[in-house]
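1. have a look at this prediction, sequence included:
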Amino acid sequence: MSYDRHLERWTVHHRAGWLNPVFEALSWMGSQGLVWLAIAAALAIWWRRPWLFLQVALADFVGQLISYGLKQWISRVRPPEVYPSPRPLVRVPHDGSFPSGHATSSFACATILSIYAPRAAPAFFLLAAAIAWSRVYAGVHYPLDVLGGAVLGVLVAIALRWLAVGPRRSRRAKPAG
């Protein structure tokens, strides 16, 4: 945990002023998975696959729900409650710090989108990582919060995908007779 706090402190004390609006915007875009829902809606319309939007929306919802539940259970104190300066760049949520909901939602949605658009996977995961790191840069999460959220998000997406596809594949794989 010591390295976690040191990395968070180093990050917020070495902010580059010109990057502040970039990370504030990334943090805002990641709120409630809005950017992911917009990407999914655009792709669903373009590809004429409305179920794509539904899968991304479900991944966002389930990720947010599990993340919120874990925050309540773990109730890790956020950096601004421990260190009064420098001030956070964004509004500080009132729930716990671990895991990051932005990271959970972003990685869950990026994983689902990457299944359907594998060539765009690096861009999806780069955006997810930027949104997740924006929460550390803004001063409202520790690095382990976003790492935990990223892992949780990928697990949520894999579980949802397995629930959607797994049982059908297993029925087909059974030998006849």
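-> Yes, it's here.
2. what's the longest helix along the chain packed up against?
-> What stands out as the longest helix in the chain, according to DSSP state H, is helix 143-173. Counting contacts by 3 or more C-beta pairs under 8 Å, 6 or more residues apart in numbering; DSSP states H and E, helix 143-173 packs against helix 2-13, helix 50-74, helix 101-116, helix 121-137. (C-beta placed from N, C-alpha, C; glycine too.)
3. show me how far the longest one is from its chain's centre.
-> So that's helix 50-74. Remark: helix 50-74 is offset 9 Å from the chain centroid, using C-alpha atoms, centre = their mean, to the nearest Å.
4. quick check: mean pLDDT of it?
-> For helix 50-74, mean pLDDT rounds to 95.
5. now it against helix 101-116, angle please.
-> Between helix 50-74 and helix 101-116, the angle comes out at 150 degrees (axes from the mean of the first three to the mean of the last three C-alpha atoms, to 10 degrees).
6. next SSE after helix 50-74?
-> Next along the chain after helix 50-74, taking DSSP states H and E as the criterion, comes helix 79-82.
7. quick one: buried residues of that following helix?
-> P79, P80 (16 or more other C-beta atoms under 10 Å).
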